[in-house]
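In: Fold the following, please.
(4 chains)
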Number of protein chains: 2
Amino acid sequence: MARIPMYRLIEDDLAAQIATGELDVEAKLPSEHELAERYGVSRMTVRQALDRLESVHLIVRHQGSGNFVSPLQVRGRRLTHLTSFTDDLMGVNRKVDTVVIKLEIVPAPGAVADGLHLKPAQAVNHFERLRTVDGVPAALQESWVPYAVAPGLTREGMIDGSLYRTLRHRYGIQLQWADQIITAVQLTTYQSELLEAASGSAALSTRRTAFGRNGQAVEFADSWTLPQFPLYTRIDA
Amino acid sequence: MARIPMYRLIEDDLAAQIATGELDVEAKLPSEHELAERYGVSRMTVRQALDRLESVHLIVRHQGSGNFVSPLQVRGRRLTHLTSFTDDLMGVNRKVDTVVIKLEIVPAPGAVADGLHLKPAQAVNHFERLRTVDGVPAALQESWVPYAVAPGLTREGMIDGSLYRTLRHRYGIQLQWADQIITAVQLTTYQSELLEAASGSAALSTRRTAFGRNGQAVEFADSWTLPQFPLYTRIDA
DNA sequence: TAGTGGTCTAGACCACGAG
DNA sequence: TCGTGGTCTAGACCACTAT
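Out: Below is the predicted model of the structure:
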């Protein structure tokens, strides 16, 4: 039985009304008292739903005057939100494939041990993967996952070449957030050959540490992405 | 009179305990009932404080077992969080200067009008700025702000060459979030000369739309940042 | 089973915004 | 002034985790 809390239902209902345009951009929502009565719940419950809508910028609140639909057309295309963790690449109508170039167990190099908060030389799974989009090389990824987190991981055991999906379904690990350092680099000859790009051409370089529900560092990764595949993100103040 | 709500005081108190190590990493917090009694408030108020601590990843929650200090050492150095909006560059102990290369009022070009949700050719303030860090060129920025949002802006009227600070203090506009597209490019000759970099070297390219409290698009900006000045960010799932 | 967090109630008073 | 959101109470029952 999927137990769905009321505030979730209210959130979804209001979100749907905004998505369909029933509640238009910049429209004023019914007052919180009114919503409470309409849904037959207390005002605190309504506010829980509104808190969540505010956190994703679907509404804006103005003390003393009311709650309003955010004047934005994000609806439908969430491109501006970072993609599901599964992939740095946008894949709306695109086919993303993965070639696992390397998968081995090694002692954690210094920077990796730091990033994962491990003692140096503890065992880690090390992956090197090439991502293609519609058959065209898009990114190179090098990842390290503590062996203890995902023991016995094999090339065949990976789901669609997706580390995140594999962690979730085979190991029950749900990633919650990631810290990233992003910069630009010129590709090495080795990298440019794999990516079928001109040697020395520019690429987006990302170094990421991803964390699980309990805040444990689960993955440390470097990636090099061709400029044709930009990164979308949203930053809060 | 700054009226400070209880949940804020509780949040700050717990955050301080975590920062000082009084509540150690991975330590279990007192139960919510216990905290409510200790602070002399209801449990809902305690939960409001805990909600906020959770949202910044200072604690993790486990239904049935308790709330725990997140096993992270973010404390103190928030480098991983994106800087104050004022600047894309990290400036911990560094001196950031700005040269305003250009400031003019122009009809909005197509892409700009799209980004700001304006009608084409509406008047916008157009800036071109060079950022230096400790005297070394770091980034070029080109920004557009609707004239209606910041009328009468002059080079002299800018505070420290900072658009965000100027918007906040001269126009009372507080930016709330921004959508960004990030990729890598090779610098043009013009750009590389200004940045004192080798022509054709790689740079981080960012296209950003920033939004104010009411969700209005306030700024559209392109920037080119040298690889020595990476971008730090945190992504939630 | 006991203890914990997750959800929810039915009120209350305050602070802010607009007329 | 009046309606709105912001904060808060003092409980309640449920769902999950660990023992």
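
In: Show me which residues of chain A sit near DNA strand C.
Out: Within chain A, the positions adjacent to DNA strand C are A:5-8, A:40-45, A:48, A:62-65 by CB under 7 Å from any atom of the strand. (Each C-beta comes from the backbone N, C-alpha and C, glycine too.)

In: restrict those to those near DNA strand D?
Out: Answer for the residues of chain A next to DNA strand C near DNA strand D (CB under 7 Å from any atom of the strand): A:43-44, A:62-65.

In: measure A:Tyr171 to A:Val218 for me?
Out: 9 Å (CB to CB, to the nearest Å).

In: can you check A:Asp51 too?
Out: Separation of A:Asp51 from A:Val218 (CB to CB): 28 Å.

In: again, but for A:Thr206
Out: In terms of CB to CB, A:Thr206 sits 16 Å off from A:Val218.

In: now A:Glu11
Out: 28 Å.

In: pLDDT score for A:Arg94?
Out: For A:Arg94, the model assigns a pLDDT of 59.

In: more neighbours, A:Glu11 and A:Val218?
Out: Shown here are A:Glu11 and A:Val218; by other CB atoms under 10 Å in any protein chain shown, A:Val218 has more neighbours (25 against 20).

In: Check whether the lengthiest helix in chain A comes near chain B.
Out: When chain A is parsed with DSSP state H, its longest helix is helix A:6-20. No - judged by CB under 8 Å from any CB of the partner chain, helix A:6-20 and chain B are separated, with a smallest distance of 12.4 Å.

In: Show me which residues of that helix are buried.
Out: Buried residues in helix A:6-20, defined by neighbour count with 16 or more other CB atoms under 10 Å in any protein chain shown: A:7, A:10-11, A:14-15, A:18.

In: nearest to B:Val69, of those?
Out: A:Tyr7 (26.8 Å; CB to CB).

In: Distance check, that closest one against chain B.
Out: A:Tyr7 is 13 Å from chain B, where distance means CB to the nearest CB, to the nearest Å.

In: A:Ile4 now?
Out: Using CB to the nearest CB, one gets 16 Å for the distance from A:Ile4 to chain B.

In: Inside strands: which ones of the residues of chain A next to DNA strand C?
Out: A:His62 (DSSP state E).

In: could you flag which of the residues of chain A next to DNA strand C are buried?
Out: A:7, A:41, A:45, A:48.

In: Could you work out the most separated pair of those residues?
Out: Longest distance between any two of those is 9.3 Å, between A:Val41 and A:Gln48; criterion CB to CB.

In: list residues touching both of these two?
Out: A:Tyr7 (CB atoms under 8 Å, 6 or more residues apart in numbering or on different chains).

In: on that earlier part again, if we take the buried residues of helix A:6-20, which one ends up nearest to DNA strand C?
Out: Distance to DNA strand C, by CB to the nearest atom of the strand, is smallest for A:Tyr7 among the buried residues of helix A:6-20, at 3.9 Å.

In: Excluding chain neighbours, what is closest to that closest one?
Out: Of all residues not flanking A:Tyr7 in the chain, A:Gln48 sits nearest, at 3.9 Å (CB to CB, 6 or more residues apart in numbering or on different chains).

In: same question, A:Pro230
Out: Using CB to CB, 6+ apart and skipping residues adjacent in sequence, the residue nearest A:Pro230 is B:Thr183, 3.8 Å away.

In: surely the one you found meets A:Thr206?
Out: No - B:Thr183 is beyond contact range of A:Thr206, at 11.4 Å (criterion: CB atoms under 8 Å).

In: Show me the common contact partners of those two, please.
Out: With contacts taken as CB under 8 Å, 6+ apart, B:Thr183 and A:Thr206 have A:Leu231 as neighbours in common.

In: Please say which of the two ends up with more neighbours.
Out: The residue with more neighbours, out of B:Thr183 and A:Thr206, is A:Thr206; 23 against 20, by other CB under 10 Å.

In: tell me which element the more buried one falls in.
Out: For A:Thr206, the element it lies in under DSSP states H and E is strand A:202-212.

In: same deal with A:Val149?
Out: A:Val149 belongs to no helix or strand, assigned by DSSP H and E.

In: Surely it and A:Gly172 touch.
Out: No - if you go by CB under 8 Å, A:Val149 and A:Gly172 don't touch, sitting 10.8 Å apart.

In: more crowded one of those two?
Out: Higher neighbour count among A:Val149 and A:Gly172: A:Val149, with 18 against 9, using other CB under 10 Å.
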